[in-house]
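K.L.:
starting from these lines, generate the structure:
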Amino acid sequence: MTDAAPRLAAIAETLLGAPVPVRIRAWDGSAAGPATGPVLVIENRRALRRILWKPGELGLARAWVAGDLTFEGDLFELLDRVAGLLWEREHPAPAPAPAPVPARSGLGKLAALRPHLPGPGSGPAGTAALLRDPAARAAVRDLVALARPWAAPAPPPEEAVRSGGPRHSRRRDSEAISHHYDVGNAFYERVLGPSMVYSCAYWTADGTLEDAQRDKLDLVCRKLALEPGQRLLDVGCGWGSMALHAAREYGVRVTGITLSREQAAYARKRIAEEGLTDRVEIRVQDYRDVKDGPYDAISSIGMAEHVGSARYREYAGTLHALLAPGGRLLNHQIGRPPEHDERAYEIDEFIDAYVFPDGELSPIGTTVGELERAGFEVRDVEALREHYALTLRAWVARLERHWDEAVRLTSPGRARVWLLYMAASALGFEHGRLGVNQVLAVRPGGGGASGMPLRARVWGAGPA
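P.N.:
This is a model prediction of the structure:
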């Protein structure tokens, strides 16, 4: 029989309470759902077993990374249709429930499936006992029948393996950074392009990705008011692009720190090729171990997401102590909307398992508050949400253009991780589920002196 897709569509409609938003094609050649638009391809029964054994986002992610789920057509449209159902993007949020409902960042709330599916680790045998709704019970029984045999598939090898220990200890942070960044510099070259900047660019109407990344680096330098001879600490220096730009264009002396040995080696090579070894030093070092302040300025671009809420005050205090009085900090950080109850926030399962292990997002208000508690005076906050959506779409286009090379340089699963992560994140920024902000703060000098001009920003040219 070739009826797997119609049965899966019926199961999904029962569990989700709405028609399937995309066409489904199953391993037996059957299809169901809308006749036009993107197609979700279920390559084999193993995809169903992954979802049954790990209901919600992690099971779906494992099926995607392993190649058990694939797609045809426009990935952005497919994700947007699914997100429109699961996130209910077009409708007002319901009133808060009496008990906090965990919310997730990044890829998002695919755990909306959970009201009708068993808990993690319960396995298919325990499904019926956990369900109360007769229609849901029948749907899951049909899903179990389609998924046979019932053995739990092993996770894809790309899934992060943690050695244990407390979250955001030095050892665990180093492992998390290595998981994400030490996958081969050549892979990142294919995705990021010649700039090798892995953070939100700053776009003009007709600029290229390279233009936008150069303009972002220059914006950071201008906000920091860098001058020749000053000392800049670049926290989370990546492949050295900020350090190079600041040293070359503004004549400062830069110390860049990263926990990725591959990034450090790449950055040192670029610095040597540009003849700037006398002005730029790259260290493999935790920010908590930097002891050679004071610095005149600090840039932290796309690094604070790795710090964690429990460590953020320590992070802010450490950077404050490393700055000279009157020194400026530019903190460039992804944020999320606040929860009704912040205790309900959970790290996104897909992001945590495959992209940024232990990464955490905070609302911009929380970030500003922690910087102020550390003694900083926050002078400017600039939201760049739409800029990051454009950046991610440009990275996705580059990855798709260099797909065969990316697979060869890493693995098919790793390339699928990055494709899903970047495409879903682009939609998250476009629809306001994610944000990114540049926070400019100063360590006040004697008598409260900030060293800031009366008008630090120019918003437009004004009337003609």
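
K.L.:
how far away from the center of its chain is stretch 166-174?
P.N.:
Centre-to-centre, stretch 166-174 and its host chain are 19 Å apart (CA atoms, centre = their mean, to the nearest Å).

K.L.:
now do that stretch: distance from first to last residue.
P.N.:
This stretch, stretch 166-174, spans 12 Å end to end (CA to CA, to the nearest Å).

K.L.:
repeat that for stretch 358-367.
P.N.:
From its first residue to its last, stretch 358-367 covers 18 Å (CA to CA).

K.L.:
quick one: that stretch to chain centroid distance?
P.N.:
With CA atoms, centre = their mean, you get 12 Å for stretch 358-367.

K.L.:
how about that stretch: buried residues?
P.N.:
Buried residues in stretch 358-367, counted by 16 or more other CB atoms under 10 Å: 358-364, 366-367. Where you see a C-beta, it was placed from the backbone N, CA and C, and this is true even at glycine.

K.L.:
now for the residues you listed, which pair is the farthest apart?
P.N.:
In these, two members sit farther apart than any others by CB to CB. They are Asp358 and Ile364, at 20.8 Å.

K.L.:
taking the buried residues of stretch 358-367 one by one, which sit in helices?
P.N.:
Residues of the buried residues of stretch 358-367 located in helices (DSSP state H): 364, 366-367.

K.L.:
ok, now which ones touch Ile364?
P.N.:
Contacts for Ile364 (CB atoms under 8 Å, 6 or more residues apart in numbering) come out as 335, 381, 383, 435, 437, 439.

K.L.:
again, 6 Å this time
P.N.:
335, 437 (CB atoms under 6 Å, 6 or more residues apart in numbering).

K.L.:
alpha carbons of the longest strand seen in the chain, as CSV, please.
P.N.:
In the chain, assigned by DSSP state E, the strand with the most residues is strand 323-335. Extracted in CSV, the C-alpha atoms of strand 323-335 (Å, rounded to 0.1, in the frame of the first residue of the first chain):
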residue,chain,number,x,y,z
LEU,A,323,38.5,49.4,31.1
ALA,A,324,40.3,52.6,32.0
PRO,A,325,38.1,55.3,33.4
GLY,A,326,36.3,57.0,30.5
GLY,A,327,36.8,53.8,28.4
ARG,A,328,34.0,52.5,26.2
LEU,A,329,32.4,49.1,25.7
LEU,A,330,30.5,48.1,22.6
ASN,A,331,28.5,45.0,23.3
HIS,A,332,26.8,43.5,20.2
GLN,A,333,24.4,40.7,21.3
ILE,A,334,21.4,38.7,20.1
GLY,A,335,18.4,39.1,22.3
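
K.L.:
for the record, mean pLDDT for it?
P.N.:
The average pLDDT for strand 323-335 rounds to 97.

K.L.:
stretch 445-458 now?
P.N.:
86.

K.L.:
equivalent analysis for stretch 399-415, please.
P.N.:
95.

K.L.:
what does stretch 358-374 give?
P.N.:
Stretch 358-374 comes out at a mean pLDDT of 94.

K.L.:
just how off-centre is it within its chain?
P.N.:
In terms of CA atoms, centre = their mean, the centre of stretch 358-374 is set 16 Å apart from its chain centre.

K.L.:
now do the end-to-end distance for that stretch.
P.N.:
Its first and final residues considered, stretch 358-374 spans 23 Å by CA to CA.

K.L.:
what do you get for stretch 154-169?
P.N.:
End-to-end distance for stretch 154-169: 28 Å, by CA to CA.

K.L.:
all helices for the stretch 151-300 of the chain, in order.
P.N.:
Counting by DSSP state H, counting those that start in this stretch, the stretch 151-300 of the chain has helices at residues 170-181, 185-192, 209-223, 241-250, 261-273.

K.L.:
Trp403 is nearest to which of those helices?
P.N.:
helix 185-192 (8.9 Å).

K.L.:
still on that earlier bit, need the ones in helices among the buried residues of stretch 358-367 in JSON lines with distance to Ala61, can you?
P.N.:
Formatted as JSON lines, those follow (distance: CB to CB, whole Å):
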{"residue": "Ile364", "distance to Ala61": "27"}
{"residue": "Thr366", "distance to Ala61": "27"}
{"residue": "Thr367", "distance to Ala61": "27"}
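
K.L.:
tell me which of the residues you listed is nearest to Val254?
P.N.:
Thr367 (24.1 Å).

K.L.:
show me the contacts for that closest one.
P.N.:
Taking CB under 6 Å, 6+ apart, we find Thr367 in contact with no residue.
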